[in-house]
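> I need the structure of the sequence given here:
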Amino acid sequence: MRDRLLVRHFLWRFLEHDFISANADRREALSVVGGAVISISLFFSALIAIEYQFSNFMPPGIASQQSVDDRFMFVTSSMFVMALLAVALWDALALDARDTAVLGILPLPRAVIVRSKYCAVALVAGAADLAWNLAPTLFRSASVPITLPIGFRGGLVLTLAQGTVTVAAGAFGFLSVVALREGLTAVLGQRHFRVVAAPLQAALVVVLTSVLLLLPATSRHVSRNWLAREGVASRILPPLWFVGLHEMLAGSVIDSLPRTRPDPYLVAQEREATTLYRSLWPRYHELGRTAVTALAVATLLSVIACAWNSRRLPSLMIHRRHNAAPGRLLSKWIVANLVARSPLQQAGFWFTWQSLSRRVTHRTTLASAIAVGLSLVAIAVRERGLAVQKDLASAPLALFAAQSLLLVSILTGFRHAAQLPAELRASGTFSLAWRGDPAPFLSGVKRAGWVALALPTLSLLFFWHAAMLGVRVAGWHAATGAAFSVLIIELLFLRYRRLPLVSGYAPIADLKSRGPMYVVAVLLGCYSLAWIEQTTLTTSSSAPIMLVVGIVAIAGGVAAYDRAWRSSAVILVDDDDSPLPTQRLNLAG
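Reported below is the predicted structural model:
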């Protein structure tokens, strides 16, 4: 009974972190998240099953080879979704000082607290793993052409293999993140781990989200592009290990079916597919053994690291203030004299700067936006982004549009992060010091966003474009991107009625209708700007200057209109509590 209460306590603690508002209904949030996970998995599973049902005359060799591509997608999605879940629960994966303050004073053995905590973590991970892989497992026997006589036994083997391998892949992804986090904690110690925890979490979100977004485009021709090549990449990619494990367990179900003469246009393709698939049988067994070993190693490392870090309950660490470093003093002088000169601008700048780096909600939002932007760039540019362009006029348009796409994605994420309050109880403090003019504070917020996000992005992209297009073209391209980023920030915060990072989050009511329109407008705008920029760079030496000045003038006009509108607008500072469920249902009489 005691252990069950502690496990239930830790389970509810997973819903009491920065991703969920204090006024939100925990059960409602849990239902929404669980429903979204199952719905996405069900959609892709049904889509793949329907594809096979419309390919009734697909022969066994082609079906086996295409099945490898599908297993790669399901295994990779399970692995990285579970890894992303572990990153989202980064601070809740282990005991913290608050657990010690609440439970440490009770007459409870340390072993009971630790055991209950990790039982709760295992329950959350297991439930999420099963929820994500339930639909692909149930649809596995339907993801076969109906003309292939696999029988009941064959369908059962395929279903059990699918469920076992995808759940094992998800467990490997989750345990890998746990082993990484707890291993670093054991090596560095709690104090030093806190220094690297935030940037590491953000980097993992970028990498994992980018892989998931690019997965549909990279999960084709896996046998030919990855498994058939003798290289290091085919041996070190964890998803391929579990693909090999699946084929080792159930690959013979389809491959052993009797061959009948297919349609004439499929004869050569069927022969080639069968030869390729059967030639990879030794590789499947090798990769399958690697998958089992990797899962065992990840489990062992996680258990050892967690046991080592749980030798004693964590204590509250008190940070001592040190004298400001010269670099920090220099940065403050630069901001005060060049970037944000008024006190309110400085307040908005530094408040935004600290919030973006310290709050997990803002870090995750920005990391997801960066991942989306990098995925768009990778899809648009592909292999053309690694070729030196000697003729500027014939250079691909996507090479110029990549910078705008990435900037818009990142700054849109910044706009969404500004809607999330840095502290839900901080609006009262702002109300006490509020003087009614939001323009300086909002200006500091926008400048912090440009300095923290747009400027590093432009700097990194400059080196890429300098290698592909030359230093002169890359310089003008960076200047155009700088002006364009200023314009985007002004447009994103145009007629913004709430106080950034202070007011409570207000979701967009008509996001489903505005979202597709916004995406289309972004694509058209970025590619139009890329065409204009490419044209100006190939016409005259003064045309790029006119383009940059024109964009800056448009941004100034947008800012002037926003200031004129804001002089008579009402800015919402205080955040009223969310209505009760009875009020939301109009039942409060």
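
> what is the mean pLDDT for the longest helix belonging to the chain?
In the chain, taking DSSP state H as the definition, the longest helix is helix 151-218. For helix 151-218, the mean pLDDT works out to 92.

> can you check stretch 536-553 too?
Rounded mean pLDDT across stretch 536-553 is 88.

> mind listing what's buried along that stretch?
536-537, 543-544, 547-548, 551-552 (16 or more other Cβ atoms under 10 Å). For every residue, glycine as well, the C-beta is placed using N, CA and C.

> low-scoring stretches of the stretch 301-450 of the chain, by residue?
For the stretch 301-450 of the chain, residues meeting the criterion pLDDT under 70 lie at 316-325, 383-386, 424-429, 431-436.

> make it 90
310-348, 351, 353-365, 376, 378-399, 417-442 (pLDDT under 90).

> so where do the helices sit in it?
Ranges of helices in the stretch 301-450 of the chain, per DSSP state H, counting those that start in this stretch, are 326-334, 343-358, 360-381, 397-419, 427-433, 439-449.

> ditto for the stretch 451-589 of the chain
Under DSSP H, counting those that start in this stretch, the stretch 451-589 of the chain gives helices at 455-469, 471-492, 511-539, 543-566, 581-584.

> out of the ones you listed, which one sits most buried?
Mean neighbour count (mean count of other Cβ atoms under 10 Å) peaks for helix 471-492 among those, with a mean of 20.

> elements contacting that one?
helix 397-419, helix 439-449, helix 455-469, helix 511-539, helix 543-566 (3 or more Cβ pairs under 8 Å, 6 or more residues apart in numbering; DSSP states H and E).

> need the CA coordinates for that helix. PDB is fine.
C-alpha atoms of helix 471-492 as PDB (Å, rounded to 0.1, in the frame of the first residue of the first chain):
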ATOM      1  CA  VAL A 471      32.400  35.400 -49.900                       C
ATOM      2  CA  ARG A 472      31.000  38.500 -51.700                       C
ATOM      3  CA  VAL A 473      27.700  36.800 -52.500                       C
ATOM      4  CA  ALA A 474      27.500  35.300 -49.100                       C
ATOM      5  CA  GLY A 475      28.000  38.700 -47.500                       C
ATOM      6  CA  TRP A 476      25.200  40.300 -49.500                       C
ATOM      7  CA  HIS A 477      23.000  37.300 -48.800                       C
ATOM      8  CA  ALA A 478      23.700  37.600 -45.000                       C
ATOM      9  CA  ALA A 479      22.800  41.300 -45.200                       C
ATOM     10  CA  THR A 480      19.600  40.600 -46.900                       C
ATOM     11  CA  GLY A 481      18.800  37.900 -44.300                       C
ATOM     12  CA  ALA A 482      19.500  40.300 -41.500                       C
ATOM     13  CA  ALA A 483      17.100  42.900 -43.000                       C
ATOM     14  CA  PHE A 484      14.500  40.100 -43.700                       C
ATOM     15  CA  SER A 485      14.800  38.800 -40.100                       C
ATOM     16  CA  VAL A 486      14.000  42.300 -38.700                       C
ATOM     17  CA  LEU A 487      11.000  42.500 -41.000                       C
ATOM     18  CA  ILE A 488       9.800  39.100 -39.900                       C
ATOM     19  CA  ILE A 489      10.100  40.000 -36.200                       C
ATOM     20  CA  GLU A 490       8.100  43.200 -36.800                       C
ATOM     21  CA  LEU A 491       5.400  41.300 -38.700                       C
ATOM     22  CA  LEU A 492       5.200  38.500 -36.100                       C
END
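
> quick one: mean pLDDT for it?
Helix 471-492 shows a mean pLDDT of 93.

> chain center to it, what's the gap?
25 Å (Cα atoms, centre = their mean, to the nearest Å).

> kindly report the same for stretch 282-292.
With Cα atoms, centre = their mean, you get 29 Å for stretch 282-292.

> and it, what's buried?
Buried residues in stretch 282-292, counted by 16+ other Cβ under 10 Å: 283-284, 287-288, 290-291.

> now stretch 376-389
Neighbour count says stretch 376-389 has 376-378, 380-381, 385, 389 buried, by 16+ other Cβ under 10 Å.

> ok, which pair from these is furthest apart?
The span of those, defined through Cβ to Cβ, is set by 376 and 389 at 20.0 Å.

> ok, so of the buried residues of stretch 536-553, who is nearest residue 8?
residue 551 (56.5 Å).

> would you check that that closest one makes contact with residue 488?
No: here residue 551 does not reach residue 488: they are 10.1 Å apart, not a contact under Cβ atoms under 8 Å.

> that older thread, switch the buried residues of stretch 536-553 over to TSV; also include distance to residue 87.
Below are those laid out as TSV (distance: Cβ to Cβ, whole Å):
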residue	distance to residue 87
536	42
537	41
543	46
544	42
547	41
548	39
551	37
552	39
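
> from the residues you listed, which two are the most distant?
It's 537 and 552 that sit farthest apart of these, by Cβ to Cβ, at 17.7 Å.

> contacts only, for the residue in the chain sticking out farthest from the centre.
Using Cα atoms, centre = their mean, the residue of the chain lying farthest from its centre is residue 261. It sits 46.2 Å away. Neighbouring residues of residue 261 by Cβ atoms under 8 Å, 6 or more residues apart in numbering: residue 267.

> pLDDT score assigned to it?
Confidence score, pLDDT, at residue 261: 75.

> what do you get for the one 4 residues further on?
We have a pLDDT of 77 for residue 265.

> nearest to residue 297, of the helices of the stretch 301-450 of the chain?
Here helix 360-381 is closest among the helices of the stretch 301-450 of the chain (Cβ to Cβ), at 27.6 Å.

> now do that closest one: which elements does it pack against?
Right, helix 360-381 is packed against helix 151-218, helix 343-358, helix 397-419 by 3+ Cβ pairs under 8 Å, 6+ apart.

> can I get these in a markdown table including distance to residue 495 and mean neighbour count?
Conversion of the helices and strands packed on helix 360-381 to a markdown table gives the following (distance: least, Cβ to Cβ, whole Å; neighbours: other Cβ atoms under 10 Å):
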| stretch | distance to residue 495 | mean neighbour count |
| --- | --- | --- |
| helix 151-218 | 30 | 18 |
| helix 343-358 | 18 | 19 |
| helix 397-419 | 13 | 23 |
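
> alright, calling it a day.
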